[in-house]
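**Student:** Here is a sequence with its predicted model. Questions after.
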Amino acid sequence: MKCALVTGASRGIGRAIAQQLSQDLNLHILINYASNKAAAEETLSLIQQAGGTGELMHFDVKDGAAVKAAVENWYTNNPEGIIHVLVNNAGITKDNLFPWVTEEDWDAVLNTSLKGMYNCTQAIIQRMLRQRSGRIINIASLSGLKGVPGQTNYSAAKGGMIAATKALSQEIAKRNITVNAIAPGFIESDMTSELDMNELKRMVPANRFGKVEEVAYLASFLASDKAAYITGEVININGGIYA
């Protein structure tokens, strides 16, 4: 059973990626969620309605022990299972100008995106190395490349994720494992629902926000055999706002 583990898959970009990987690559989807079980169940229902398969995997990416325990438990119960694709998507924002960013908000944002990527990748990397195949896709952000005022913590987290992508890709490429990052700009999702879309889209050459499905199409390509020679890349998907 070939599987994809998608963190933060209960909604938004994570949900769209989970659905697309199921549809395009016929992967069994491990739908990670931290707290919103109902939304995760909705993701699973959408996958099943489209003829795919999946299951919920509950853990908080910030908690390394919980991640390891959940993954090890899954492998114990699925000895023939292979996690071929890992999508490190889980992330949060706690926006504020730097002088007012609390240590708690700094840690929460970095521990979710950056430490979460470490925890989840560590949990599956040894088996990927042994099976000599795999795809790791890190969902970064425009913020990690350009830097966005009011998002110093988020920019730091996503910038670290991008640098780690480039380094790790070189370590494990010989085992046929690719590591790439996707850097979305303004995407219509829960995370951007409070932004002034009409005002911000004027900054975007494409004159619109992107759709979660458009990010999912790219993730699906990177997870496929068609992208086997692409690794260490950071691919922008931002309507031309930054290149």
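**Tutor:** Here it is on my side, so go on. Residues are numbered from 1 along each chain as shown.
**Student:** For the residue at the greatest distance from the centre of the chain, give me the pLDDT.
**Tutor:** What lies farthest from the middle of the chain is residue 99; by Cα atoms, centre = their mean that is 28.8 Å. For residue 99, the model assigns a pLDDT of 97.
**Student:** show me what contacts it?
**Tutor:** For residue 99, the contact set (Cβ atoms under 8 Å, 6 or more residues apart in numbering) is empty. (Glycine included, C-beta is placed from N, CA and C.)
**Student:** Residue 31 - nearest residue in space that isn't next to it in sequence?
**Tutor:** The spatial neighbour of residue 31 that comes closest, neighbours along the chain excluded (Cβ to Cβ, 6 or more residues apart in numbering), is residue 9 at 4.4 Å.
**Student:** That neighbour should be in a helix, yeah?
**Tutor:** No: secondary structure of residue 9 (DSSP: H, G, I helix; E, B strand; the rest coil): coil, not part of a helix.
**Student:** After the worst-scoring helix or strand of the chain on mean pLDDT, which helix or strand is next?
**Tutor:** The weakest-scoring helix or strand in the chain, judged by mean pLDDT, DSSP states H and E, is helix 197-200 (a mean of 77). Using DSSP states H and E, the next helix or strand after helix 197-200 towards the C-terminus is helix 212-223.
**Student:** can I get the CA coordinates of that next one in CSV?
**Tutor:** Extracted in CSV, the C-alpha atoms of helix 212-223 (Å, rounded to 0.1, in the frame of the first residue of the first chain):
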residue,chain,number,x,y,z
VAL,A,212,-5.8,25.9,-3.3
GLU,A,213,-6.3,23.5,-6.2
GLU,A,214,-3.6,25.3,-8.1
VAL,A,215,-1.1,24.6,-5.3
ALA,A,216,-2.3,21.0,-5.2
TYR,A,217,-1.7,20.5,-8.9
LEU,A,218,1.9,21.5,-8.4
ALA,A,219,2.3,19.2,-5.3
SER,A,220,0.8,16.3,-7.3
PHE,A,221,3.4,16.9,-10.1
LEU,A,222,6.3,17.0,-7.7
ALA,A,223,5.1,13.8,-6.0
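**Student:** same for the helix or strand following it, what does it pack against?
**Tutor:** Scanning forward in sequence from helix 212-223 by DSSP H and E, the next helix or strand is strand 234-237. Contact analysis of strand 234-237 by 3 or more Cβ pairs under 8 Å, 6 or more residues apart in numbering; DSSP states H and E lists helix 142-146, helix 152-172, strand 177-184, helix 212-223 as its packing neighbours.
**Student:** 7 Å instead, please
**Tutor:** The helices and strands touching strand 234-237, judged by 3 or more Cβ pairs under 7 Å, 6 or more residues apart in numbering; DSSP states H and E, are strand 177-184, helix 212-223.
**Student:** hmm, who's touching the first one?
**Tutor:** For strand 177-184, contacts defined as Cβ atoms under 7 Å, 6 or more residues apart in numbering pick out 13, 128, 133-142, 144-145, 161-162, 165, 168-169, 172, 210, 215, 218-219, 222, 227-228, 230-238.
**Student:** returning to what we had before: which phi and psi does the residue nearest to residue 31 have?
**Tutor:** phi -90, psi 10 (degrees, to the nearest 10).
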